[in-house]
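A.B. asks: Predicted model and sequence below, questions to follow.
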Amino acid sequence: MKGRNLLLGLGLGIFVLALIFLLFPFLYALSNVYRPKMAVGTMPASYNLRHLSLAFPTSDGQQIRGWLLYGEPEAPLILVCHGLGTNREDLLGVSQFLREAGFSVLTFDFRGHGQSTGHKTTFGFLEAKDIEAAIQFIKNKYAERFRVLGLYAVSMGSAAAIFAAKNIPEVKAFVFDSPFAELCEVVAFRFRYLPAPLRKIFSSLANFYGSILMGINTREIAPEAEASNLNSRPVLVYHGGKDSLIPVSQGEKLFQKIPGPKEFIRIPGVAHVQSYNLLGKVYEQKIIHFFKVHLEYSGKFDST
């Protein structure tokens, strides 16, 4: 009887361990692919910004919602693209300082975020279509006013911009904050505290489940492989040295694949997408100056 109970206990223990091995990576993948939408609560009016609410369709049937903030009549338009699990409200501070510098701003919720349709994310792969749709909307409605465009993006938004790059020649300059080079490596980094054998098993399973949930192989979600499509367009990259979500090594790896004029700014001790919070006006002035120079806009802001 004791031997039988021992075998039952051993079998139950093995079953529980196997369940943990299978379930934990699945829950990790599920919680990242299907994130709850954050409601858009703060409006541009709270920042004394006049805006136009708008909606436009993507080529694959999603409906994207956003805001257009008008700048000076001859100013370029800057697309402002948020990261995973947030919405356009998250970057209202960025939209504000760009608008105050004279630029017009188009900011929107990616699919599966905010007020846009959809319920899952693909970490920039299909979100590229949202950026393409935003630019097509501008071309259809405001072609005469907005002929020169720039793009500011954080985290996942940077990946979406790179995947869209070959289809958006209208964008002449890019700013990326906390970008990643390869999703599979980011997933492995998330399990870095586990022993090496477990880390490999858990990250492999998480990538496997994520691929099934998205309908896209996670190995295809590698912005570094598409970075050449930025061509000769200038790129400014910020990355925090203490980023625990996307390590600075990912930003550096991506940066190496960017072909055109480029600058990488590493901010020691800074977490994910927190460079602006630390640097404040220095960050604002650097980005404003970058867009002014590369979009050939004199503007009304003295960045010197």
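C.D. replies: Structure's in. What do you need?

A.B. asks: For this structure, which segments count as strands?
C.D. replies: 52-57, 63-69, 77-81, 104-108, 149-154, 171-177, 235-240, 262-267 (DSSP state E).

A.B. asks: Roughly how far does residue 233 sit from residue 296?
C.D. replies: Distance of residue 233 to residue 296, given as CB to CB, to the nearest Å: 13 Å. Any C-beta I mention is one placed from the backbone N, CA and C, and that applies to glycine too.

A.B. asks: where does the stretch 151-300 of the chain have low pLDDT?
C.D. replies: 299-300 (pLDDT under 70).

A.B. asks: coming back round to it: counting neighbours, go ahead and name the busier of residue 233 and residue 296.
C.D. replies: residue 233 (21 against 11; other CB atoms under 10 Å).

A.B. asks: I'd assumed residue 168 was in contact with that one.
C.D. replies: No. With contact defined as CB atoms under 8 Å, residue 233 does not count as touching residue 168 (9.9 Å).

A.B. asks: To residue 129, which of the strands of the chain lies closest?
C.D. replies: Nearest to residue 129, of all the strands of the chain, is strand 63-69, at 9.2 Å by CB to CB.

A.B. asks: which residues touch that closest one?
C.D. replies: Identification of contacts with strand 63-69 by CB atoms under 8 Å, 6 or more residues apart in numbering yields 44, 49-58, 88, 95, 99, 104-111, 114-117, 130, 133-134.

A.B. asks: how near is the residue nearest to residue 255 when sequence neighbours are not counted to residue 191?
C.D. replies: Excluding the flanking residues, the one nearest residue 255 by CB to CB, 6 or more residues apart in numbering is residue 264, at 4.8 Å. Using CB to CB, one gets 27 Å for the distance from residue 264 to residue 191.

A.B. asks: which of those two has more neighbours?
C.D. replies: residue 191 (20 against 17).

A.B. asks: Setting the sequence-adjacent residues aside, check what's closest to residue 217.
C.D. replies: Closest residue to residue 217 apart from its sequence neighbours, by CB to CB, 6+ apart: residue 211 at 4.9 Å.
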